[in-house]
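Novice: sequence first, predicted coordinates after that:
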Amino acid sequence: MRTNLCQLEHLSCFGCCGHDWKNKKEVLEQIMKNTKRWEEGKMDKFVKESEAHLSRSGGCKSLIFKEGRIVCALHPLQNNGKDFRDKNCKINHFCEAFKEFVKWNKKTQKKFIDFLLAKNIDNYEYSMGMDSGEFLKEFKEREHIH
Ligand code: SF4
Ligand code: SF4
C-alpha cells in the first residue's frame with residue numbers, strides 16, 4: 001500500500017485543516033468537542049455546524065478523534081465513500097511535503113519516514129511541522145535535496 005503522510009503509522013496529521021493554530025491544549029480540546037457533537041449521530045446537523053467557520057483554536061470543526069486517530073468526519077474514508085466535505089474545504093489541497101514525497105523514489109521516501117518517526121512527536125507537533133513546511137525543509141537540507 002502507498003504511504004499516506006496524512007496518517008503515518010501512529011501519527012495523524014491535520015495541519016492543513018485549519019490555520020492560525022492555537023496551542024496544543026486548545027486544539028485538542030476543540031477536537032474533543034467536535035467528537036462529542038459527531039457522536040450524537042446526526043450527520044446533517046454535524047455538517048451544518050462544521051460548515052460555518054473554523055473553530056477559535058484554528059481548526060476545522062469536522063476534525064474528530066476516531067479509533068486512536070484524528071480524522072475528518074466528513075471524508076469519504078469515514079463514510080463508505082460518501083463525501084460530506086463542504087464548500088469551505090479545499091478538497092484538493094496537499095502540503096508541499098506531501099506533494100514532494102509522492103515524487104521521490106522509494107529510498108528517499110523511506111528516509112523521510114524514518115526522519116519523521118525518529119522525532120518522537122505527537123499528532124499536534126507532527127501536524128504543525130508538516131503544514132508549516134518545517135520538516136520538509138529540515139529534511140531537504142540534511143539530504144542535500146534541491
Ligand atoms: S498538512 Fe500535508 S500531511 Fe498534513 S493532512 Fe495536510 S496534506 Fe496531509
Ligand atoms: S472538512 Fe475535513 S478535510 Fe476539509 S478542512 Fe475540514 S477536516 Fe479537513
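Specialist: Yep, it's here. Ligands and ions are numbered 1, 2, ... in the order given.

Novice: flag every buried residue along stretch 137-146.
Specialist: Buried residues in stretch 137-146, counted by 16 or more other Cβ atoms under 10 Å: residue 139. (Each C-beta comes from the backbone N, C-alpha and C, glycine too.)

Novice: is that stretch anywhere near ligand 1?
Specialist: No - on the criterion Cβ under 6 Å from any ligand atom, stretch 137-146 is out of touch with ligand 1, staying 13.4 Å away.

Novice: same thing with stretch 79-89?
Specialist: No - Stretch 79-89 does not reach ligand 1 (Cβ under 6 Å from any ligand atom); its nearest approach is 11.6 Å.

Novice: for stretch 47-63, same thing?
Specialist: No - figure legend: stretch 47-63 not in contact with ligand 1 (Cβ under 6 Å from any ligand atom); closest approach 10.2 Å.

Novice: what about dumping the CA coordinates of that stretch to CSV?
Specialist: C-alpha atoms of stretch 47-63 as CSV (Å, rounded to 0.1, in the frame of the first residue of the first chain):
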residue,chain,number,x,y,z
VAL,A,47,-22.2,19.1,8.7
LYS,A,48,-24.1,22.3,9.1
GLU,A,49,-22.4,23.2,12.3
SER,A,50,-19.0,22.3,10.9
GLU,A,51,-19.5,24.4,7.8
ALA,A,52,-19.8,27.9,9.0
HIS,A,53,-16.3,28.8,10.1
LEU,A,54,-13.1,27.4,11.7
SER,A,55,-13.1,27.0,15.5
ARG,A,56,-11.3,29.5,17.7
SER,A,57,-8.4,27.0,18.0
GLY,A,58,-7.8,27.4,14.3
GLY,A,59,-9.0,24.0,13.2
CYS,A,60,-11.9,22.8,11.1
LYS,A,61,-14.9,21.7,13.2
SER,A,62,-15.0,18.4,11.3
LEU,A,63,-11.8,17.1,12.9
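
Novice: great, nothing more from me.
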